[in-house]
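>>> just to be clear, the model below is a prediction. Sequence and coordinates:
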Amino acid sequence: MDSGIISSDARLDATVAVVTAVFQVLFLCRTAYGAVSHRSHIRNLAERCMKAATRAFAQTPHSDGERLVLEKVSELRLQIARLFIKYICALLCMTLLIVLWRAMRKAPLFVSPATTLAAAVAFWIFALLDAFPAILTARRLNAMYIIMTGYWAATLSPWHVQPTNASQLSLLYLAFARMPAVGIATTPALVAVCSLFPLLVLGLRVGTGEMPEVRPFAIEFCAFIGTVVASTSVQQVLTYRIERSLQYKKMATDFNATSSLLHLMCDSVIELDADLRMVEHSPSLAALLLRGRPGATLAGTDFTDLLANAAEAGRAVELLRGLEDCPRDGVNAQAFQTHLMDSDTNKFRTEVFQVMYHTPEGHARHLIGLRDVTDQGSLSGSRAVESFSILPRSSTPMSLACSSIGSKASGPSGPNVNAQENANAGKFLSLLVDVDLQVVHTSSSFAYLGRHPAELFSTTGMQLLDRALAEVSFETPISLSALEFRLGSHYEVVSATVQLVQNPAVRSYLILVCAPSGLMPPKGSSEFSSVADLETGKHRELLVGAEYQNKLDIDLHLSARHRQGDGHLLFLYVLEKIRRLIARAADVPPSWVYFASHFLSHLASDGSSSSKGTIHCDESSFDRFHYSAVLWLTAHNSTTGGEVQFFDAQRGDWRMTVKPRPGRLAIFTSGWESIHRVTPLLIGERWSLPLFASVKAPVNTTRLSKACLRPSSTKQWEYCQDRLHQWLNAAEEDFS
């Protein structure tokens, strides 16, 4: 029976051996196949491991970045060393207390007196280092590690430990001291060299026969390998941590620099997540979109919901997501232009600056700067990508600017009703048309500014103007008696004088002076008077408006009625110059300034000095007078009279006297803060050009009137103040 059991066990052992051998062969084949199929990956991994080990042992920096990483790693190791010192002090203190307690109880000690003395000396040294941290620096870390390793090797000598306790003491040192201390040495090579000291001590004890067992030496050899591997791992972990920390710091610095630059350039800066939704609320964007209501928030809003229409939203999304395929380690930025829509459904042109980056978690983020370019130039220029369709050629920058600032664009029916009110039967209309751009460059009525001539004249009228343009010259004007001009929804037959003029920039303009048919009297009428030309000094004929004793005011609006093309053009030129100067003085966009009244004033001396001059402010005459200006054409002083004096209400005396000079212009506010008088004219004649301007936002400019005339929040007020300075300082084509 026993023989049957034995034979059965033998068969079972043979079967297990065969099955095990089969599985081992299959495993080896699978391993060999995997090694061959992935040999390139294995080779790359081995090369990286070799490079990492070489770099860990060499520690030779080759660049400023590597030196910075090593410095940061050394600082981190110094912190580890200080923590290690506190840990060793607590461990030695507990050990010495146990030894002291057993000695007081006269119990047998588990360590020799020499080991106890060595532990006491080590405790006092570490306590001193803990009390005076300045003793230990980053350059002294290696010296500290060498001393500690020498101490551990000495405690394994025959004078400190018996052969039977050597294995236990070696394991205790490995677990509680040597492994925690690998973070102190700056290189794994130093750890490898210093770990040879305990190994040599135990090797000598085993080789001399003083220690009969080989087990302590084997344990120490394993400890040697473990400490070297641990030191290399710690070195790699610390280096990786410092590199990532520096990378995050650089990313944060770049982000802050980019954000600060965008805040300087743009009206609002927002952050979008990967789904193009706003990460947090932006008060500046809320003010820009007129959404500054208390409690309202833009956080979580889809950026495409702020765009004017679906077509622009789709194009903007395509541009924004176009950077997602770019490399993550580079700076990915672009600029494009689109239209945003505020809470009042007003569309305004906006420049978008995009900077795409990735968070440390790998999520995509879009830093977006928004800049309203409705009334200012684009920063990106021609490099900006348009997210909307190209406008027709008939639409020009001038017409777009004027239609968005001044009045709403009219449909096919023509200009709005205000145009009819401004060109009624009792008034005259002057138009300065840019021949190249086919746009009304300057107009005596704001409603026609920036329009295409085809919007103002009928088809027959345009054909008549084309023929007149072919025949007209710079010297001789042409009169048209039946020109169809659009007034509201119908056409009115007007008479016009057409003359071709040229400015210093060699641009051709066509000046048209239109009046209701029959109101253009012939040149040479008895109503003409002679005055001095502003530039050449030659005499020009202008219409006399009214005469009061020694004072004569000439209405310059009516000067074009008698075909005074050159003089009227000169008047438009000077008027536009003064209007822009008033806009700069008022710190508002030029489109906010228009003239409420202007005329050419002539005053003759009556030889009487009894009058003191009427003390007044111009706003008291008409409340639409906000700014006053006067351009003198003759010179006067205290002897001749005709000076302008400004009154100081606090001192009760005249604070300033302005002496007229030919070409001198005075601009001042029209309110009670500018009370003034004109001293009586005693000698000669006084010619001047008084002008009175109104300053307010255009009626149809809903965004400006609502956002800046009545700000709803402090943030919106600050936004409006910033925009006023931007509008004022924007590059604008010089009117010359």
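Right, received. Where do you want to start? Numbering: from 1, shown residues only.

>>> every contact and neighbour count from this point should use C-alpha atoms.
OK.

>>> for this protein, what helix or strand is lowest in average pLDDT?
helix 397-405 (a mean of 29; mean pLDDT, DSSP states H and E).

>>> flag every buried residue along stretch 598-608.
For stretch 598-608, the neighbour count (16 or more other CA atoms under 10 Å) marks His598, Phe599, Leu600, Ser601, His602, Leu603, Ala604, Ser605 as buried.

>>> inside strands: which ones of these?
Counting by DSSP state E, the buried residues of stretch 598-608 place His598, Leu600, Ser601, His602, Leu603, Ala604 in strands.

>>> doesn't Gly684 make contact with the last one?
If I follow you right, that is Ala604. Yes. Assessed by CA atoms under 8 Å, Ala604 is found in contact with Gly684 at 6.4 Å.

>>> for the stretch 551-700 of the chain, which residues score under the pLDDT cut-off?
For the stretch 551-700 of the chain, applying pLDDT under 70 flags the ranges 551-568, 606-613, 697-700.

>>> next up, the contacts around His38.
If you count contacts by CA atoms under 8 Å, 6 or more residues apart in numbering, His38 has none.

>>> ok, back up a step: what's the closest of the buried residues of stretch 598-608 to Gly183?
Here the nearest of these to Gly183, counting by CA to CA, is His598; it sits at 87.2 Å.

>>> which strand residues sit across from the closest one in the sheet?
Note on His598: beta-bridge partners Leu691, judged by DSSP bridges.

>>> for Pro133, see how far away it is.
Distance, His598 to Pro133, by CA to CA, to the nearest Å: 84 Å.

>>> swap in Asn142?
16 Å.

>>> okay, those two: which has more neighbours?
Ranked by neighbour count (other CA atoms under 10 Å), Asn142 and Pro133 place Asn142 first, with 16 against 10.

>>> setting aside sequence neighbours, what's the nearest residue to the more buried one?
Ala185 (5.3 Å; CA to CA, 6 or more residues apart in numbering).

>>> hang on, the one you found in a strand?
No. Ala185: not assigned to a strand; according to DSSP: H, G, I helix; E, B strand; the rest coil it is coil.

>>> oh, and call the first residue 12 from now on, that's how I've got it
All set: I'll call the first residue 12, so the last point we hit is now Ala196.

>>> surely it touches Leu152?
Yes. When contacts are counted by CA under 8 Å, Ala196 is listed as touching Leu152 (6.3 Å).

>>> between these two, which is the more surrounded one?
Set Ala196 next to Leu152 and count neighbours by other CA under 10 Å: Ala196 wins out with 24 against 18.

>>> tell me how far the more buried one lies from Arg59.
For Ala196, the distance to Arg59 - CA to CA - is 23 Å.

>>> returning to what we had before: tell me the one of the buried residues of stretch 609-619 nearest Met367?
For these, the nearest to Met367 is His609 (54.9 Å; CA to CA).

>>> just checking, the closest one touches Leu700?
Yes. His609 lies in contact with Leu700 (CA under 8 Å); the separation is 7.2 Å.

>>> got any residues that touch both of these two?
Listed as contacting both His609 and Leu700 by CA under 8 Å, 6+ apart is no residue at all.

>>> using a markdown table, lay out the buried residues of stretch 609-619 together with distance to Tyr251.
Formatted as a markdown table, the buried residues of stretch 609-619 follow (distance: CA to CA, whole Å):
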| residue | distance to Tyr251 |
| --- | --- |
| His609 | 77 |
| Phe610 | 80 |
| Leu611 | 82 |
| Ser612 | 84 |
| His613 | 87 |
| Leu614 | 88 |
| Ala615 | 92 |
| Ser616 | 93 |
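
>>> and the furthest pair within these?
Longest span within those, CA to CA: His609 and Ser616, 22.3 Å.

>>> pull out the buried residues from stretch 582-599.
582-583, 586-587, 589-595, 597-599.

>>> next one: that stretch to chain centre, how far?
Using CA atoms, centre = their mean, to the nearest Å, the mean C-alpha position of stretch 582-599 is found 32 Å from that of the whole chain.

>>> okay, that stretch in CSV with CA atoms only?
Output of stretch 582-599 as CSV, limited to C-alpha atoms (Å, rounded to 0.1, in the frame of the first residue of the first chain):
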residue,chain,number,x,y,z
PHE,A,582,-14.7,129.2,-43.9
LEU,A,583,-15.4,125.4,-43.7
TYR,A,584,-11.7,124.7,-43.3
VAL,A,585,-11.2,127.2,-40.4
LEU,A,586,-14.5,126.1,-38.9
GLU,A,587,-13.5,122.5,-38.8
LYS,A,588,-10.1,123.4,-37.3
ILE,A,589,-11.8,125.3,-34.5
ARG,A,590,-14.3,122.6,-33.9
ARG,A,591,-11.6,120.1,-33.2
LEU,A,592,-9.7,122.5,-31.0
ILE,A,593,-12.9,122.9,-28.9
ALA,A,594,-13.3,119.1,-28.7
ARG,A,595,-9.7,118.9,-27.4
ALA,A,596,-10.4,121.7,-24.9
ALA,A,597,-13.6,120.0,-23.7
ASP,A,598,-11.9,116.6,-23.5
VAL,A,599,-14.6,114.9,-25.7
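
>>> who's in contact with the host helix or strand of Ile158?
Using DSSP states H and E, Ile158 maps to helix 152-166. Helix 152-166 is contacted by residues 89, 92, 126, 171-172, 184, 192, 195-197, 201, 205-206, 208-209, 212 when judged by CA under 8 Å, 6+ apart.

>>> for stretch 676-690, same thing?
Counting by CA under 8 Å, 6+ apart, 593, 596, 623-631, 636-643, 652-659 sit against stretch 676-690.

>>> give me the most central residue, this structure.
Compute the mean C-alpha point of the chain, and by CA atoms, centre = their mean the closest residue is Leu273, 1.0 Å away.

>>> next SSE after whichever helix or strand it is part of?
Using DSSP H and E, Leu273 sits within helix 226-276. Going down the chain from helix 226-276, the next helix or strand is strand 279-283, by DSSP H and E.

>>> distance from the chain centre to that following strand, please.
The chain centre lies 9 Å from the centre of strand 279-283; the measure is CA atoms, centre = their mean.

>>> helices and strands around that strand, which ones?
Under the contact definition 3 or more CA pairs under 8 Å, 6 or more residues apart in numbering; DSSP states H and E, strand 279-283 sits against helix 226-276, helix 294-299, strand 375-383.

>>> right, and the ones you listed - which one's nearest Leu167?
helix 226-276 (10.3 Å).
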